[in-house]
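Enquirer: Got a sequence here, can you model it:
(one chain, ligands or ions: 1)
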Amino acid sequence: MRIIKVKDYAEMSRKTANLISAQLVMKPDSVLGLATGSTPVGAYRELIERYESGDLDFGHVTTVNLDEYKGLPRENEQSYYRFMHENLFDHINISPDRVHLPDGMNPDTAAECEAYEKLIRSLGGIDLQLLGLGHDGHIGFNEPAAEFPRETHCVDLQERTIEANKRFFASADEVPRQAYTMGIGTIMAARKIVMAVSGADKAEIAAKALLGPVTPEIPASILQFHPDVTVIADEAALSECVFQTV
Ligand code: F6R
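Expert: Below you'll find the predicted structure:
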């Protein structure tokens with residue numbers, strides 16, 4: 001695991017965009033695994049600017065998102081489908097048929113999960129997976145649990161996650177209680193992983209996830225076992241990490 005310490009959110013966003021840009025320069029038809037949330041918005045803005053300046057081309061890129069709320073139609077303002085279009089897809093030359101998220105409106109949970117796993121396999125797997133870090137250590141919607149979930153599945157969201165996400169809804173009651181998410185196995189199968197972390201409110205969980213024991217109680221801790229993970233974290237997020245130096 002490489003940990004790159006940066007000054008602040010702006011630098012984290014630029015460095016994250018640098019890694020994604022490098023991936024696309026080296027492999028223009030990359031399969032990118034993408035995340036929603038506050039963390040990647042700045043990096044997406046950077047990618048849009050680089051597309052506008054002619055430095056990046058998304059014409060051959062395919063994307064698969066980590067997760068989607070169950071029961072929210074795509075048109076809902078809070079769907080991750082909408083989020084991704086507003087924050088990235090609508091501003092770059094990505095082909096609409098190469099953009100994939102779980103279908104939150106598929107009531108057949110087993111069929112949806114199987115179809116999403118099959119889709120990722122049919123694309124040849126994920127070249128680079130972008131992640132944010134949840135306050136309880138979740139990645140995607142893989143919440144703390146007794147074991148690491150392997151494949152795409154449907155989860156009941158935990159109270160803390162509902163609390164954290166309610167800022168996007170009129171009230172906590174409107175936050176969906178379930179979501180489809182890639183499993184930890186799906187994420188770990190990505191060839192490269194980039195996790196971006198920003199802010200003092202992530203410092204405690206960042207220390208546990210990056211330096212603590214690997215445990216499904218802190219789902220992101222599994223990343224310590226991935227062969228190609230780059231964490232781009234700002235000073236505030238790393239403020240509780242005590243690194244050993246020799
Ligand atoms: C989003 C996702 C989540 C977020 C995490 C951090 O698709 O899968 O795991 O990455 O909740 O969210 P922010 O970036 O809002 O702090």
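Enquirer: got the residues of this protein near the ligand?
Expert: 35-39, 66-67, 132-134, 138-141 (C-beta under 6 Å from any ligand atom). From N, CA and C alone the C-beta is placed, and that goes for glycine too.
Enquirer: repeat that with 8 Å
Expert: For the chain, the contact set with the ligand under C-beta under 8 Å from any ligand atom comprises 34-40, 65-67, 80, 131-135, 138-142, 161, 164-165, 181, 196, 198-199, 202.
Enquirer: List the neighbours of the strand or helix carrying residue 208 that are in contact with it.
Expert: Residue 208 is part of helix 203-211 when elements are defined by DSSP states H and E. Outside of helix 203-211, the residues within contact range by C-beta atoms under 8 Å, 6 or more residues apart in numbering are 1, 3, 133-137, 197, 218, 220-221, 223-224, 231, 233, 236-243.
Enquirer: Just the buried subset of those residues, written out for ChimeraX, thanks.
Expert: To isolate the buried ones among the contacts of helix 203-211 in ChimeraX, judged by 16 or more other C-beta atoms under 10 Å, type:
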select :3,133,134,136,137,197,218,220,221,223,231,233,236,237,238,240,241
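Enquirer: Give me the subset of the contacts of helix 203-211 lying in strands.
Expert: Among those, DSSP state E puts 3, 197, 231, 233 in strands.
Enquirer: Need those in a markdown table (columns: pLDDT and distance to residue 206).
Expert: Conversion of the ones in strands among the contacts of helix 203-211 to a markdown table gives the following (pLDDT from 0 to 100; distance: C-beta to C-beta, whole Å):
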| residue | pLDDT | distance to residue 206 |
| --- | --- | --- |
| 3 | 97 | 9 |
| 197 | 98 | 5 |
| 231 | 98 | 8 |
| 233 | 98 | 6 |
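Enquirer: quick check, nearest of those to the ligand?
Expert: Of all these, the ligand sits closest to residue 197, with 8.4 Å by C-beta to the nearest ligand atom.
Enquirer: if I read this right, the closest one contacts residue 230, doesn't it?
Expert: No. Counting by C-beta atoms under 8 Å, residue 197 stays clear of residue 230, with 11.4 Å between them.
Enquirer: any common contacting residues for those two?
Expert: Here residue 197 and residue 230 have no joint contacts, going by C-beta under 8 Å, 6+ apart.
Enquirer: burial measure for residue 84, as a count.
Expert: Using other C-beta atoms under 10 Å, the number of residues around residue 84 comes to 22.
Enquirer: check contacts around it.
Expert: 34, 36, 63, 65, 99, 101.
Enquirer: got TSV for those residues, with pLDDT too?
Expert: Converted to TSV, these look like this (pLDDT from 0 to 100):
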residue	pLDDT
34	98
36	97
63	98
65	98
99	98
101	98
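Enquirer: quick one: low-confidence ranges for this protein?
Expert: 245-246 (pLDDT under 70).
Enquirer: so residue 157 sits right up against residue 180, yeah?
Expert: No. Counting by C-beta under 8 Å, residue 157 does not reach residue 180; the two are 11.4 Å apart.
Enquirer: any common contacting residues for these two?
Expert: residue 141.
Enquirer: ok, these two, which is more surrounded?
Expert: residue 180 (26 against 21).
Enquirer: Around the residue lying closest to residue 112 once chain neighbours are set aside, how many other residues sit close by?
Expert: Nearest non-adjacent residue to residue 112, counting by C-beta to C-beta, 6 or more residues apart in numbering: residue 106, 4.0 Å away. Residues near residue 106, counting by other C-beta under 10 Å, number 17.
Enquirer: Cool, thanks, signing off.
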